[in-house]
Each structure stands twice: as structure tokens, then as C-alpha cells.
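>>> structure for this input, please:
(one chain, ligands or ions: 1)
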Amino acid sequence: MRYLDVGADPTTVRISRIGLGAWQFGSREWGYGKSYAEQEAHDIVRRAVELGVTLFDTAEIYGFGRSERILGQAIGENRESVFLATKLFPLLPVAPVVEQRAVASANRLGVRRLDLYQVHQPNPLVRDGTIMRGMRALQRVGLVGEVGVSNYSLDRWRAAEQALGRRVLSNQVRYNLADRSPERDLLPFAASTGHLVIAYSPLAQGLLSGKYDRDHRPANRLRTTSPMFLPENLDRAGELIATLREVADAHSATPAQIALAWVIHRPEVVAIPGASSVGQVESNVAAADIDLTEDQYQALSAAADRFHPVTGPAVVPHLVRARFN
Ligand SMILES: NC(=O)c1ccc[n+]([C@@H]2O[C@H](COP(=O)([O-])OP(=O)(O)OC[C@H]3O[C@@H](n4cnc5c(N)ncnc54)[C@H](OP(=O)(O)O)[C@@H]3O)[C@@H](O)[C@H]2O)c1
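Numbers count the residues shown, from 1 in each chain. So this is what the prediction gives:
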């Protein structure tokens with residue numbers, strides 16, 4: 001495993017370049033079922049800890065608190081060796097509510113400190129002054145270590161930092177070979193200022209593993225209704241997947257591992273792939289040690305540039321067709 005030193009409080013642990021996303025734990029959207037929530041998820045977390053993963057990401061809304069509970073239980077006595085991140089859903093973004101929700105998350109996780117407390121997405125109606133007042137109070141009493149945001153534009157990230165009056169360490173955003181928009185301004189900002197981009201959906205929810213195509217579409221609700229998994233878009237992803245396979249062969253690796261190695265090639269990025277099995281977490285962790293050559297990195301980026309999925313209103317007829325096929 002490789003780690004990132006973000007100059008955090010020296011009492012906190014280093015952040016692993018590959019973390020583990022826990023949205024899958026206990027959430028209906030992913031549909032992995034009861035035995036996954038009760039057994040496999042625990043095994044995944046324990047194996048991740050054994051392999052040196054320190055960054056674990058969850059949120060109060062994942063499975064309406066179930067993900068936090070499962071993650072907290074699975075981490076158990078390994079609490080001191082992990083960097084725990086969770087998120088607040090800013091429905092009512094006023095300081096007392098923020099404080100009360102942090103306590104509730106900490107209770108579900110069974111911890112006394114949230115190493116990273118993130119605002120899940122910007123509230124479109126209310127600016128961040130009141131949330132950050134709550135965050136400041138939480139940091140003052142030691143319940144929160146670092147503050148982060150998620151799905152924020154660069155301007156809003158900076159404004160949040162100004163409101164907090166100290167650094168907002170990270171912005172958690174979708175970043176993968178099928179969506180490179182954070183490269184426009186978030187990555188350069190993070191690289192030049194010592195902030196962090198946490199890449200979610202680094203495998204484009206499994207698309208970049210190469211195991212799905214128009215004849216093998218994933219079955220769960222989240223992905224059957226996702227434009228990215230439309231037969232048309234799976235076809236369009238063919239060339240990108242072929243390039244992933246080519247680079248993977250050169251490293252005796254898998255396309256998923258190369259997709260992750262590409263995401264964390266830039267030093268200001270860490271990735272938090274989810275996993276449906278212990279085997280996947282083992283494979284994802286091993287990706288941290290793959291060094292892509294500059295040629296390979298460029299070839300993957302160029303293939304990504306040529307991938308133009310159907311998006312926006314144009315997906316509607318495709319979704320309807322896929323639904324009834
Ligand atoms: N802040 C936000 O708004 C936000 C949004 C989304 C996600 N997140 C966070 O980011 C985490 C990861 O994102 P994500 O779950 O959306 O997508 P992801 O990590 O890109 O995809 C995860 C899925 O890919 C497949 N997979 C994982 N490892 C694999 C491997 N080695 N080989 C083949 N397939 C593999 C698994 O699905 P199958 O095996 O079923 O194919 C797994 O459930 C979440 O758990 C969550 O913590 C945050």
C-alpha cells in the first residue's frame with residue numbers, strides 16, 4: 001500500500017492511496033443482499049485493514065445508517081489504525097443540527113472521533129456559513145478531525161474553507177476514466193495547495209472492470225437505471241476497455257486495477273472503490289503498487305477522450321428501450 005501525507009494532525013493515521021467505499025454495505029440500491037451485509041462486508045473490511053487500507057468512507061444516508069453501523073462494527077478494535085470518513089447530508093444546514101448529526105454518526109460508527117467529516121453535497125439554497133459554524137464547534141471539542149466537502153465546485157470549496165476559517169482538506173467527487181471533469185480545476189487546485197481529491201466511483205461503478213457488455217448487463221437497480229450501463233454506452237466503452245486490457249496485460253493485472261492505477265497516478269488523488277467480495281478488495285489494494293509508464297497513462301487518457309457516452313436528455317429513449325428489452 002502507498003500512503004499520502006497531508007500534514008494532518010500527527011496523532012491521526014496516514015491516508016492510504018486506495019481506500020474502501022462503504023456505500024454498498026446495507027444499501028438497497030446495490031442489492032447485494034443479507035449475507036453480504038451480515039458477513040461479506042465484515043470480511044471485506046477486515047481484509048482491507050490487514051492489507052494496509054486506512055481510508056474508509058461512508059455516509060449517514062447509506063442504507064439510512066446501516067452502512068455506518070456495519071463499518072463501525074467491522075473495524076472494531078482496529079479503530080486506531082484507520083482514517084474514518086463519513087458524510088453529513090445537508091438537508092437542514094444549521095449548526096445545532098450539524099452537531100447533533102455528527103454525534104449520531106459517531107454513535108453508529110461506535111467511535112469518539114470522525115477523522116474526516118464531509119458535507120455530502122452542496123445545499124443549493126443555503127450557503128455554507130452555518131454548516132461550517134457547526135463544523136468549527138465539532139473540531140473544537142475534538143469530535144471531528146478534518147472537514148471535507150463532496151460534489152463541490154472549486155468556488156464553493158474555497159468559500160467553504162473561508163467560512164470554516166481553516167482548511168477544508170478534501171473534496172470527494174466522481175473521478176474515473178469515464179468522467180475526467182475534476183481535471184479542469186479541482187485537481188490543479190489540490191495539487192498546488194496541498195488539498196486532496198477523493199475519487200468516488202473510480203471504477204465507474206464496475207463499468208471499467210470490463211466484465212459488462214450489452215449481453216452481460218449488471219442486474220441491480222442502481223446500474224440498470226444508470227445511463228452509463230445502457231447497451232449503447234457499453235458498446236461505446238469498448239475501445240476504452242480494450243485499451244485497459246492491453247495495459248493490464250503488460251502488468252499481468254486486470255482492467256479494474258489499471259483503471260484504479262490511472263486514477264491515483266496523480267499524487268493529489270486517493271480512490272475509494274467499493275467492493276462486492278474479498279477478492280475484489282484484495283485486487284483493488286494491489287493496484288496501489290502498479291506504476292503506469294507515462295506512455296501507458298497517456299494512452300489511457302487518450303482512449304478516455306474518445307469515449308463519448310450518450311448523456312443528458314438523449315438517454316431517455318435509450319433507457320426506455322433498455323427497460324423493455
Ligand atoms: N460522495 C458521493 O456523492 C458519492 C457517490 C458515489 C459513491 N461514493 C463513495 O465512493 C465509493 C465507491 O464508488 P461506487 O461504489 O459508486 O463505485 P466504484 O467503486 O467505481 O464501483 C464499485 C463496484 O465495482 C465492482 N468492483 C469493485 N472492485 C472490482 C474489481 N476489483 N474487479 C471487478 N469489479 C469490481 C463491484 O461491483 P460488482 O462486483 O457488482 O460489479 C463494486 O460494487 C462508494 O462506496 C461511496 O463510499 C460517494
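>>> so for this protein, the centremost residue is which one?
Y200 (2.6 Å; Cα atoms, centre = their mean).
>>> that one touches I272, doesn't it?
Yes. With contact defined as Cβ atoms under 8 Å, Y200 reaches I272; the gap is 6.0 Å. Any C-beta I mention is one placed from the backbone N, CA and C, and that applies to glycine too.
>>> so what sits against both of these two?
Contact with both Y200 and I272 is made by residues 21, 57, 172, according to Cβ atoms under 8 Å, 6 or more residues apart in numbering.
>>> and the ligand, which of these reach it?
By Cβ under 6 Å from any ligand atom, the members of those lying near the ligand are 21, 57, 172.
>>> start to end distance for stretch 212-225?
Stretch 212-225 has its terminal residues 15 Å apart, counting by Cα to Cα, to the nearest Å.
>>> run through who's touching that stretch.
Under the contact criterion Cβ under 8 Å, 6+ apart, stretch 212-225 has outside partners 28-32, 205-206, 229, 231, 234-235, 238, 319, 322-323.
>>> average pLDDT for that stretch?
On average, the pLDDT along stretch 212-225 is 90.
>>> for it, which positions count as buried?
By neighbour count on 16 or more other Cβ atoms under 10 Å, the buried set for stretch 212-225 is 212, 218, 220, 222-223.
>>> which among these are in contact with the ligand?
Among these, the residues that sit close to the ligand (Cβ under 6 Å from any ligand atom) are P218.
>>> now, the buried residues of stretch 212-225 that are in helices?
Among the buried residues of stretch 212-225, DSSP state H puts 222-223 in helices.
>>> farthest pair within the buried residues of stretch 212-225?
Farthest-apart pair in the buried residues of stretch 212-225 is Y212 and L222; separation 13.1 Å (Cβ to Cβ).
>>> show me the beta-bridge partners of the residue in the chain that the ligand sits nearest to.
Using Cβ to the nearest ligand atom, the closest approach of the chain to the ligand is made by G21 at 2.3 Å. Bridge pairing for G21 (DSSP bridges) gives the partners D57.
>>> surely it meets Q280?
No. At 11.5 Å, G21 does not count as touching Q280 under the criterion of Cβ under 8 Å.
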